[in-house]
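Novice: sequence first, then the predicted structure:
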Amino acid sequence: MANDMIHDIFSGEPNLTTTERAVSVALGLGIAAAAAQPRPNKWLSLAALVVGVGLAMRGATGHCALKAAANEF
């Protein structure tokens, strides 16, 4: 079940430009690296890590589910 959800989120035709992909990967890795630093608030670090990884995956796959959904309207 979880594999189906992951496949649905990251599958599909690439809908990002090369620039969007590069910016997403760079920002995602930067946010994830910043989240890895010790902080007093562990939940904020976890949230930053999740956002960073999500952005990096968006750039790596070239597919953004939110952009695809927005283009349907």
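Specialist: Thanks, I have it.

Novice: when you work out contacts or count neighbours from here on, use the C-alpha atoms and nothing else.
Specialist: Will do.

Novice: show me how far stretch 32-41 is from its chain's centre.
Specialist: 17 Å (CA atoms, centre = their mean, to the nearest Å).

Novice: same check on stretch 24-43?
Specialist: 13 Å.

Novice: alpha carbons of it, as CSV, please.
Specialist: What follows is stretch 24-43, C-alpha atoms only, in CSV (Å, rounded to 0.1, in the frame of the first residue of the first chain):
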residue,chain,number,x,y,z
SER,A,24,14.8,22.1,-6.3
VAL,A,25,17.8,19.8,-5.8
ALA,A,26,20.0,22.5,-4.6
LEU,A,27,17.5,24.0,-2.1
GLY,A,28,16.4,20.5,-1.0
LEU,A,29,19.9,19.4,-0.2
GLY,A,30,20.7,22.7,1.5
ILE,A,31,17.6,22.5,3.7
ALA,A,32,18.3,18.8,4.5
ALA,A,33,21.9,19.6,5.4
ALA,A,34,20.8,22.4,7.6
ALA,A,35,18.3,20.1,9.3
ALA,A,36,21.0,17.6,10.1
GLN,A,37,22.8,20.1,12.4
PRO,A,38,22.0,19.7,16.1
ARG,A,39,19.1,22.0,17.2
PRO,A,40,17.1,22.3,20.4
ASN,A,41,13.8,21.7,18.6
LYS,A,42,14.0,18.2,17.2
TRP,A,43,10.5,18.5,15.6
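
Novice: now that stretch: buried residues?
Specialist: By neighbour count on 16 or more other CA atoms under 10 Å, the buried set for stretch 24-43 is Ser24, Val25, Ala26, Leu27, Gly28, Leu29, Gly30, Ile31, Ala32, Ala35.

Novice: sort out which of the residues you listed are in helices and list them.
Specialist: Of the buried residues of stretch 24-43, the ones assigned to helices by DSSP state H are Ser24, Val25, Ala26, Leu27, Gly28, Leu29, Gly30, Ile31, Ala32, Ala35.

Novice: pLDDT score for the third one?
Specialist: On the pLDDT scale, Ala26 is placed at 97.

Novice: can you tell me how far it is from Arg58?
Specialist: Ala26 is 11 Å from Arg58, where distance means CA to CA, to the nearest Å.

Novice: one more: the fourth one?
Specialist: The span separating Leu27 from Arg58 equals 11 Å under the rule CA to CA.
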